[in-house]
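Colleague: based on what follows, work out the 3D shape:
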Amino acid sequence: MRRSRKVKILATLGPASSDEAMIQKLFEAGADAFRINMSHTDHETMRTLVARIRAVEGKVGRPIGILADLQGPKLRVGTFANGKAELKPGQSFTLDDNPEPGDTTRVFLPHPEILQSIQPGDRLLIDDGRLTLVAEETNSRSVRCRVVSGTAISDRKGVSVPDTTLPVGALTDKDRKDLDAVLTTGVDWVALSFIQRPEDLAEVRKVARGRAALLSKIEKPQAVARLAEIIELSDALMVARGDLGVEMPVESVPGIQKQITRAARRAGKPVVVATQMLESMIAAPVPTRAEVSDVATAVYEGADAIMLSAESAAGKYPVEAVSMMNAISVEVERDPTYPGIINAQRSPPEATGADAISAAARQIAETLNLSAIITYTASGTTGLRAARERPQVPIIALSPVVATARRLSLVWGTHCVVTEDATDLDDMVDRACRITFEEHFGRPGDRVIVTAGVPLRTPGATNMLRIAYIGSDGLGGI
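Modeller: Numbers count the residues shown, from 1 in each chain. Have a look, this model is predicted:
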């Protein structure tokens, strides 16, 4: 199955989309990869979902990526004697280490790391920012705050501390158990939530040992401030706009989205734009015009993938949501202004052989109007470098490693095919031309460009570029 767009679609699975038939419908509607949210999924359900995705993969004959999204540290207040409390702006309100039920003056905060780290002047955002508190007096056991805005607080509402760097890693005990479980099932990507610093990636990478690629969710101001370092240690990024919009001024999120997508593209790392893209389709069969524009903006920015959350996981119209996202993306990429916008964001190639070859392949393919760029990639590096160039022609990524093909399903413009490794250069060209023909990217007489590393089977050593004709038999010729 060939997609008629380059941006990828990542769909979250949940109660509305957990059976095999629905997963196949979502794939056929346009989903290229699936997200399993470990905040709401136990290990048995996760294993079942992975098995069903792999069954669909076998039926459709296309590699499908799976992303397991770890919950990360969820900070919440305790409970109230009456289940809730009404507050007034300007009043004092204390969060402390006393587990007794709360009232209109105080509540239990079962997170000593906050009590020990917060400073006067730091904000505490309760219930996704619906209640804003500012710390006035702090010690290791309590923090007395002033209510700035909002009037209501109730049992176990979430707490965000955007001005405070907490002395804890991104992995909780639950995350460690979830990580061990998802790695044994062979998921392709693991997403890390609420990272604050590049060091947060170290523990996960040590446990993963290359069994899954790591995607860092950027949703805290501390992560934005150290974006360059986090990109360097990550395999991909996600613009997690939901929590980012809670922890930072909501009007700053569009600019941060552009900053992250462009920085990731410069580094040649995939970037996913997520949260509330078609939010109204949770309950309605059509999106708002503003949501359509939001999805289109992410596509114009050159994001590798765009994501559906509750729209596909728990909404009434999961297939329609994927179909709509697909239709918007196809229409944007047909826009005559789209190539110019994408080209204007292109960064110079890095000073490596792989980048120079990828840049040359893109320029030659566009100048000669070739049918496709075919990259041989065992580790995925060559495919990533080709995608970094954002060529106008299709990228066909050929790999003998099924895990590599699955990971590349999140990467812009890559049509992944699992194939045996070439035996020599002639076999490499013949195989590339035959697959281009069989996958309907080219016809006899069309020309393609092939990139690879010589000697063959040398990871990360892209150093060869070759133009070939597709012969009448579907094989290649110079």
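
Colleague: neighbours of residue 39, how many?
Modeller: As a burial measure, residue 39 scores 12 neighbours (other Cβ atoms under 10 Å). Every residue, glycine included, has its C-beta placed from N, CA and C.

Colleague: for the closest residue to it other than its chain neighbours, helix, strand, or coil?
Modeller: Closest residue to residue 39 apart from its sequence neighbours, by Cβ to Cβ, 6 or more residues apart in numbering: residue 71 at 4.2 Å. Of the three states, residue 71 takes coil under DSSP: H, G, I helix; E, B strand; the rest coil.

Colleague: and residue 71, how far from residue 173?
Modeller: As defined by Cβ to Cβ, to the nearest Å, residue 71 lies at a distance of 11 Å from residue 173.

Colleague: between the two, which is the more surrounded one?
Modeller: Between residue 71 and residue 173, counted using other Cβ under 10 Å, residue 71 has the larger neighbour count: 17 against 7.

Colleague: OK, contacts around that one?
Modeller: Contact analysis of residue 71 by Cβ atoms under 8 Å, 6 or more residues apart in numbering lists 38, 39, 172, 174, 175, 178, 193.

Colleague: including secondary structure and pLDDT, could those go into JSON lines?
Modeller: Formatted as JSON lines, the entries for the contacts of residue 71 read as follows, by DSSP: H, G, I helix; E, B strand; the rest coil; pLDDT from 0 to 100:
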{"residue": "38", "secondary structure": "coil", "pLDDT": "97"}
{"residue": "39", "secondary structure": "coil", "pLDDT": "94"}
{"residue": "172", "secondary structure": "coil", "pLDDT": "91"}
{"residue": "174", "secondary structure": "helix", "pLDDT": "95"}
{"residue": "175", "secondary structure": "helix", "pLDDT": "96"}
{"residue": "178", "secondary structure": "helix", "pLDDT": "97"}
{"residue": "193", "secondary structure": "coil", "pLDDT": "94"}
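
Colleague: with distance to residue 163 added, can I get the residues you listed in CSV?
Modeller: Below are these laid out as CSV (distance: Cβ to Cβ, whole Å):
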residue, distance to residue 163
38, 28
39, 25
172, 22
174, 26
175, 24
178, 29
193, 19
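
Colleague: and these, which are buried?
Modeller: 38, 172, 175, 178, 193 (16 or more other Cβ atoms under 10 Å).

Colleague: of all the residues you listed, which comes closest to residue 359?
Modeller: residue 193 (34.8 Å; Cβ to Cβ).

Colleague: any idea how far that closest one is from residue 345?
Modeller: 28 Å.

Colleague: got the phi and psi for residue 41?
Modeller: phi -130, psi 130 (degrees, to the nearest 10).

Colleague: would you check that it makes contact with residue 49?
Modeller: Yes - under the criterion of Cβ atoms under 8 Å, residue 41 makes contact with residue 49 at 7.3 Å.

Colleague: mind listing the strands for the stretch 151-300 of the chain?
Modeller: 152-154, 159-160, 189-192, 213-218, 236-240, 271-274 (DSSP state E, counting those that start in this stretch).

Colleague: for those, which one sits closest to residue 64?
Modeller: Across the strands of the stretch 151-300 of the chain, closest to residue 64 is strand 189-192 (Cβ to Cβ), at 11.8 Å.

Colleague: quick one: low-confidence parts of the protein?
Modeller: In the predicted model, the chain carries pLDDT under 70 at residues 456-460, 474, 476-478.

Colleague: neighbours of the closest residue in space to residue 401 that isn't next to it in sequence, how many?
Modeller: If the residues on either side of it in the chain are set aside, residue 401 comes closest to residue 378, at 5.6 Å by Cβ to Cβ, 6+ apart. A count of nearby residues for residue 378, using other Cβ under 10 Å, gives 19.

Colleague: wait, doesn't residue 378 sit right on residue 399?
Modeller: Yes - using Cβ under 8 Å as the test, residue 378 is close enough to residue 399 to be in contact (6.1 Å).

Colleague: contacting residues for the residue most central in space within the chain?
Modeller: The residue lying closest to the centre of the chain (Cα atoms, centre = their mean) is residue 272, at 3.6 Å. For residue 272, the contact set (Cβ under 8 Å, 6+ apart) comprises 10, 215, 236, 237, 238, 239, 303, 304, 305, 306, 307, 410.
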